[in-house]
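In: Return a 3D structure for these sequence lines:
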Amino acid sequence: MASAAPDCGKPTQEQPHSNAVYNPPADLEAVPKEEATAANSKRELTVSTRPRLRPCSFRQIEMGLEKMRERGAVCGDWTIIGENRKPFKGKYQGCGIAEPVKIRTMSDVLLSQLAVMDCETAITLKTWLENTAKPTFADKGGGLKGLRLSGHYACKTQNNQPRGRLSEHARGRAVDISSFILMDGTVITVRDGWANKETNEVMRELHDGACGLFGTVLGPEADRYHAGHFHFDTARRRSGSYCR
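Out: A predicted model of the protein is given here:
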């Protein structure tokens, strides 16, 4: 069976061929020069060029995208696994996501619940996992296995306060992390980990590693609303990232 993969090797050399000589019969009636010119003009108008074959690199990209879809990868990233969702709006003005995704794992780290967000937030969270979270837990409990989320998309105000400003959760730009699950089954909560002298340094590394990467980073010392979780969002402010 022939392979479906594009053949991107060197093109085979064409075999040389000889030109056949055509000798018209002697009794062939000659066409007047004016008629011949008109006929050629008509033929030129009807001739269409043969479309070129698509470059091999394009075919490879198409096959790569197809494999990503089969894997369940979203946001153009092999390590972010989930599904694309249709655009939606919430009950309040401003709520909703134009291009939402529902994520279950990223960078081989399992999320405790299917998390709805936009791709910018998903890619930023994945970057933090690979650059900060996974290295921080590399020599602890066999490494990082999962994140326990306490929040993702939700059409609500900041801190659920009446008449408050719309939260970044309502735009699919925020996630809340309450616990870290290690390979050996150990669970480190943000609340207890921050208060414990043995794990406080680890929690601060996780917090500091998100600053600058996310637009907003809030931890247990930010206020009473974030005593038990990290809040990360991709809001962009003129004054720069806000970390507390």
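
In: can we go C-alpha only for contacts and neighbour counts from here?
Out: Fine.

In: and Thr121, what does it touch?
Out: Gly172, Arg173, Ala174, Asp233, Thr234 (CA atoms under 8 Å, 6 or more residues apart in numbering).

In: of those, buried ones?
Out: Gly172, Arg173, Ala174, Asp233, Thr234 (16 or more other CA atoms under 10 Å).

In: how much space between the second one and Ile188?
Out: It refers to Arg173. 25 Å (CA to CA, to the nearest Å).

In: partners of the helix or strand containing Asp176 in the sheet?
Out: Counting by DSSP states H and E, the element that carries Asp176 is strand 174-182. Paired strands of strand 174-182, with direction, are strand 144-151 (antiparallel), strand 187-189 (antiparallel), strand 230-233 (antiparallel) (DSSP bridges).

In: Ramachandran angles for the residue nearest the centre of the chain?
Out: Closest residue to the average C-alpha location of the chain: Cys75 at 1.8 Å, with CA atoms, centre = their mean. Main-chain torsions, Cys75, degrees, to the nearest 10: phi 60, psi 20.

In: Excluding chain neighbours, what is closest to it?
Out: Cys119 (5.5 Å; CA to CA, 6 or more residues apart in numbering).

In: List the contacts of the one you found.
Out: Here Cys119 is in contact with Cys75, Glu99, Pro100, Val101 (CA under 8 Å, 6+ apart).

In: which of these count as buried?
Out: Cys75, Pro100, Val101.

In: Please settle this for me: is the last one part of a strand?
Out: Yes: the assignment for Val101 by DSSP: H, G, I helix; E, B strand; the rest coil puts it in a strand.

In: ok, Gly94 to Gln161 distance?
Out: 16 Å.

In: mind checking which of the strands paired with strand 174-182 is nearest Thr124?
Out: strand 230-233 (9.1 Å; CA to CA).

In: distance between the following helix or strand past that closest one and the chain's centre?
Out: Using DSSP H and E, the helix or strand that follows strand 230-233 towards the C-terminus is strand 242-243. Distance, stretch centre to chain centre, for strand 242-243: 25 Å (CA atoms, centre = their mean, to the nearest Å).

In: Strand partners (parallel or antiparallel) of strand 242-243?
Out: By DSSP bridges, strand 242-243 pairs with strand 216-218 (parallel).

In: What are the contacting residues of the strand it pairs with?
Out: 207, 210-211, 226, 230-235, 241-244.

In: Check those residues for burial and list the buried ones.
Out: Buried among the contacts of strand 216-218 by 16+ other CA under 10 Å: 207, 210-211, 226, 230-235, 241-243.

In: Please look at Ile97 and Lys89 and confirm they touch.
Out: Yes: the criterion here is CA atoms under 8 Å, and Ile97 meets it with Lys89 at 6.6 Å.

In: Could you pull out the strands in this structure for me?
Out: According to DSSP state E, the chain carries its strands in the segments 73-74, 77-84, 88-89, 96-97, 100-106, 109-118, 144-151, 174-182, 187-189, 216-218, 230-233, 242-243.

In: Tabulate the CA atom coordinates of the second one in PDB.
Out: Presented in PDB, the C-alpha positions along strand 77-84 are these (Å, rounded to 0.1, in the frame of the first residue of the first chain):
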ATOM      1  CA  ASP A  77       0.500  23.300  21.100                       C
ATOM      2  CA  TRP A  78       1.200  19.600  21.300                       C
ATOM      3  CA  THR A  79       1.300  19.600  25.100                       C
ATOM      4  CA  ILE A  80      -2.100  21.300  25.700                       C
ATOM      5  CA  ILE A  81      -4.800  18.600  25.500                       C
ATOM      6  CA  GLY A  82      -8.500  19.400  25.500                       C
ATOM      7  CA  GLU A  83     -11.100  20.500  23.000                       C
ATOM      8  CA  ASN A  84     -12.100  23.600  21.100                       C
END
